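Asks: Got a sequence here, can you build the structure:
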Amino acid sequence: MKILVTGAAGFVGSEVCQRLLTQPGRAEVLGIDNLNDYYPVVLKQARLARLEGREGFRFVRADFADAPTLFGLVDGFRPDYIVHLGAQAGVRYSLTHPEAYVHSNLVGFGNILEAARRHPPKHLVFASSSSVYGAGVPTPFREDAVSEPLSFYAATKRANEHMAFSYAHVHGLRCTGLRFFTVYGPWGRPDMTPILFARAILAGEKIKLWNHGKYRRDFTYVDDIVDGILKLAFSPRPLPPEQPAGTAVNPPAAPYDVFNIGNHRPVEMLSFVQMLESLLGKKAQVELLPPQPTEMPETCADLTRIRAAVGYSPRTPLEEGLRQLVGWIREYYGPDGADPT
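Replies: All right, here's what the predicted structure looks like:
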């Protein structure tokens, strides 16, 4: 079984590769990543170092927005499955660097779809985001209830879903989008809240809590996210519903779906900081600020669809996940939360 994983040096991508290489049955994994400097490349290299030398794993530094390079890799590898996790991440960064999101999330994702059309895999699974829900959507968020995105990042992720649907409809390419809800854990992204806040507390630096700490977020431990990704990726394609006898035959539905992958247990950010304080044994310096225009008041995943499809059920309580994260932070960043040398 051959699996192409994009974003293989990223947080979720590297964990997916780890899991694939430890599962029963031999998997041949081709990981690609351009190792951009959105956050320190040394962390991405450290994640890759954990995969180097593993039987069945090969890494190529490449930008999937470069069509000839991507097509050449896919032509040679012919993957049975594609797990597309590479993207330009970050909501606030998209306010100042929109061109990076056009390059990776629009041009790059278009190349992934076209490469898959040329050599159709059994399944193309790609990362979307809970950011697509926008403003005014009641919680918990259901997959069929979205509004206008609040950030350019979210707009590109919603565009990815439309692009994938069109390839599923026109070319019969089986595509599934995964709306992640604030993934955290060891080896996580240093630009995201859990690691940002933990390191700031260790360093005695001020933490900014928008909306006076009343934003609520659905934090999801990385092991639970990986469980959901792989269960969906290798799930059989659902059979179309039978047509009642004597009725006109409807055209087959496009082989496309989208699922939330979250924890369904949102927590107020002020409480989240208090959990970190307890685990770190140190008081946070907090600055309470008004709401931000790109932020949603609350995120909470409705898991009805993914539970029915593959039996997904997150198992890691926030307190336990943060304990694992804090242990890794102390090991990787040191007692003061400083950048590793």
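
Asks: Ala154: what's it in contact with?
Replies: If you count contacts by Cβ atoms under 8 Å, 6 or more residues apart in numbering, Ala154 has them with 91, 129, 131-132, 134. No exception for glycine: its C-beta is placed from N, CA and C like everyone else's.

Asks: same question, Met1
Replies: So Met1 contacts 25-28, 80-81 (Cβ under 8 Å, 6+ apart).

Asks: what do you get for Leu289?
Replies: By Cβ under 8 Å, 6+ apart, the residues touching Leu289 are 208-212.

Asks: Same list, the contacts of Met1, but as JSON lines with neighbour count and distance to Leu106 please.
Replies: Output for these, formatted as JSON lines (neighbours: other Cβ atoms under 10 Å; distance: Cβ to Cβ, whole Å):
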{"residue": "Gly25", "neighbour count": "6", "distance to Leu106": "35"}
{"residue": "Arg26", "neighbour count": "9", "distance to Leu106": "35"}
{"residue": "Ala27", "neighbour count": "19", "distance to Leu106": "30"}
{"residue": "Glu28", "neighbour count": "17", "distance to Leu106": "29"}
{"residue": "Asp80", "neighbour count": "15", "distance to Leu106": "26"}
{"residue": "Tyr81", "neighbour count": "21", "distance to Leu106": "23"}
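
Asks: so Leu30 touches Phe64, yeah?
Replies: No: contact criterion Cβ atoms under 8 Å: Leu30 and Phe64 do not qualify, at 11.9 Å.

Asks: Looking at the two, which is more packed in?
Replies: Higher neighbour count among Leu30 and Phe64: Phe64, with 27 against 22, using other Cβ atoms under 10 Å.

Asks: Identify the residues contacting the helix or strand of the chain with the lowest mean pLDDT?
Replies: Least confident helix or strand, the chain: helix 93-96 with a mean of 92, by mean pLDDT, DSSP states H and E. By Cβ under 8 Å, 6+ apart, the residues outside helix 93-96 that reach it are 38, 88, 100-101, 151-153, 156, 191, 294.
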